[in-house]
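J.: Build the 3D model from these lines:
(2 chains)
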Amino acid sequence: SQQGEEDPQALSIQEGENATMNCSYKTSINNLQWYRQNSGRGLVHLILIRSNEREKHSGRLRVTLDTSKKSSSLLITASRAADTASYFCATDVYQKVTFGTGTKLQVIP
Amino acid sequence: ETGVTQSPTHLIKTRGQQVTLRCSSQSGHNTVSWYQQALGQGPQFIFQYYREEENGRGNFPPRFSGLQFPNYSSELNVNALELDDSALYLCASSPRDREQETQYFGPGTRLLVL
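T.: Residues are numbered from 1 along each chain as shown, chains lettered A, B, ... in the order given. Model (predicted):
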């Protein structure tokens, strides 16, 4: 079963715009991670935010976590065509990682 | 530092057959997790191995089994294949002793069951 659900399921934006993806989950977590997957290949880890953190930045990525609402968001600023991929949130509960359903992002050059 | 590798990259089997997928973990990593990803879905946790012992399992039947070897490489075995087993199988390794939660994924093995 999927712990998290991403919203929207699909997103299409112009290059240079910002992209925001949301993730909701059901149970208490140790941390939440975001991954990117290109064309059905292996997943690439983007960023990890612990349950006691509220916001984290990495380059053009900004992640927020609201444990009271059991939700997280991933913001990609100044998007590029190379950001076109599927993005997944994954919750970690004592080393058991559960992935969401994913957001398919298309960045149009 | 070498990354996570998986073999084979693609595989075609028929219903009822058995399959073994292999994963070499990243150097220094002692934990390997396996995931099944159906088309258009997120990865589903199958099980995790830590120092050659199973350390957690998802909602998969016993015909999904695994091994981890002393060098921390791992195998996923699936018996009595069913059509619904067609998926991308991903393994991921992590250095659990250092309490790093980040997993490093291999490129996956795409299995087609006919």
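
J.: Contact partners for the residue nearest to the spatial centre of chain B?
T.: Geometric centre of chain B, nearest residue: B:Trp34, 3.1 Å, by CA atoms, centre = their mean. By CB atoms under 8 Å, 6 or more residues apart in numbering or on different chains, the contact list for B:Trp34 reads B:Cys23, B:Phe45, B:Ile46, B:Phe47, B:Gln48, B:Gly66, B:Ser74, B:Leu76, B:Tyr89, B:Leu90, B:Cys91, B:Ala92. (Glycine included, C-beta is placed from N, CA and C.)

J.: Which one (most neighbours) among these?
T.: Comparing the contacts of B:Trp34 by number of neighbours (other CB atoms under 10 Å in any protein chain shown), B:Cys91 comes first, having 31 neighbours.

J.: can you pull out the strands in chain B?
T.: Per DSSP state E, chain B carries strands over the ranges B:5-7, B:10-13, B:19-24, B:31-37, B:44-50, B:53-57, B:64-68, B:74-78, B:87-94, B:104-105, B:109-113.

J.: and of the contacts of B:Trp34, the nearest to A:Gln37?
T.: B:Leu90 (9.4 Å; CB to CB).

J.: didn't that closest one look like it was pressed against B:Gln103?
T.: No. At 9.7 Å, B:Leu90 does not count as touching B:Gln103 under the criterion of CB atoms under 8 Å.

J.: thinking again about what came up before, near chain A too, which of the contacts of B:Trp34?
T.: Applying CB under 8 Å from any CB of the partner chain, the subset of the contacts of B:Trp34 adjacent to chain A comprises B:Phe45, B:Gln48, B:Leu90, B:Ala92.

J.: Get me the contact residues on chain B for chain A.
T.: Applying CB under 8 Å from any CB, we find that chain B lies next to chain A at B:4, B:31, B:33, B:35, B:37, B:39, B:41-45, B:48, B:55-56, B:58-59, B:88, B:90, B:92, B:96, B:101-108, B:110.

J.: how about a cut-off of 7 Å?
T.: When proximity is defined by CB under 7 Å from any CB of the partner chain, chain B lies next to chain A at B:33, B:41-43, B:45, B:48, B:56, B:59, B:88, B:90, B:101-108.

J.: which stretches of the chain have low pLDDT?
T.: Picking chain A for this. Chain A contains residues with pLDDT under 70 at A:1-3, A:40, A:95.

J.: Can you look at chain B instead?
T.: Counting by pLDDT under 70, the ranges of chain B that qualify are B:1-2, B:96-101.

J.: which residue does it bring closest to chain A?
T.: Nearest residue of chain B to chain A (CB to the nearest CB) works out as B:Gly42 at 3.7 Å.

J.: With adjacent residues omitted, what lies nearest to that residue?
T.: Leaving aside its sequence neighbours, B:Gly42 sits nearest to A:Phe99 (CB to CB, 6 or more residues apart in numbering or on different chains; 3.7 Å).
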